[in-house]
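Peer 1: Here is my input, please return the structure:
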Amino acid sequence: MIYSVRGELIHTEPSLAVVECAGVGYACRTTMNTLKQIGSSGEVKLFTYLHVREDAVDLFGFADTAELSCFKQLLSVSGVGPKAALSILSELNPSKLALCITTGDSKTLTRCPGIGAKTAQRIVLELKDKVAKEQHISAVDFAAEPSAAIAGGNNVSEALTALCVLGFPMAQAQNAVVGVSPDASVEEIIKHALKKLGS
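Peer 2: Model prediction:
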């Protein structure tokens, strides 16, 4: 699998960025958020995901690992394909998407083109459930956790859940929120953590 591509950005159009590496142009399907970050020319690095189907092989590229993690998590939801995942991530950055999922805000997801109410509800339910099952975490677990990361209370607990939704291990997420202001909002905590995680 191709982990990333780095080279000259030679072409962009809605949902597509072409990066030339060693004379080969890689067409990476991407989000509007990534396109805004990389601009229209110059050297860029995209973290990639290779999606293989019977009738097509597509390469997807993202400006940071948080957006890539979100993309993979969205694909794990039944009925959500690459097109829908790109639509969501073009409207919502990773911290806003994670916040929607952890707070059960499916209505915001329906504002994304092509995402209906049922799909939005399925995304919220399946990803929250997936985190609970795979990471064995809950608000009760957070409250019982002695880590200094939990000092911020409920906002930190929600931010930790959101980071796990993005695919980060619990221990890594806890380390990333250490030192955050106790008055910070959930989204501010998530942004702080993503910066520390190198995203």
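
Peer 1: Low-confidence bits of this protein, can you list those?
Peer 2: Low-confidence segments of the chain (pLDDT under 70): 131-153, 198-199.

Peer 1: Give me the residue at the spatial middle of it.
Peer 2: Cys70 (2.6 Å; C-alpha atoms, centre = their mean).

Peer 1: what's the distance between that residue and Cys21?
Peer 2: 24 Å (C-beta to C-beta, to the nearest Å). For every residue, glycine as well, the C-beta is placed using N, CA and C.

Peer 1: What backbone torsions are found at Asp183?
Peer 2: When read as degrees, to the nearest 10, the backbone of Asp183 gives phi -90, psi 0.

Peer 1: do Ile10 as well
Peer 2: phi -110, psi -10.

Peer 1: ok, now which ones touch it?
Peer 2: Residues counted as contacts of Ile10 (C-beta atoms under 8 Å, 6 or more residues apart in numbering) are Val18, Val19, Glu20, Gly25, Ser41.

Peer 1: go on, Thr102?
Peer 2: Contact partners of Thr102, counting by C-beta under 8 Å, 6+ apart, are Lys128, Glu158, Thr161, Ala162, Val165, Val186.

Peer 1: Which ones among these lie within strands?
Peer 2: Judged by DSSP state E, those include no members of strands.

Peer 1: ok, and the most crowded of those?
Peer 2: Within these, Ala162 tops the neighbour count with 28 neighbours, counted by other C-beta atoms under 10 Å.

Peer 1: Quick check: it touching Ser95?
Peer 2: Yes - Ala162 lies in contact with Ser95 (C-beta atoms under 8 Å); the separation is 7.2 Å.

Peer 1: overlap in contacts of these two?
Peer 2: Ile190.

Peer 1: Now the residue of the chain positioned farthest from its centre. Its backbone dihedrals?
Peer 2: Most distant from the centre of the chain: Gly23, at 30.3 Å, with distances by C-alpha atoms, centre = their mean. With angles defined as degrees, to the nearest 10, Gly23 sits at phi 90, psi 0.
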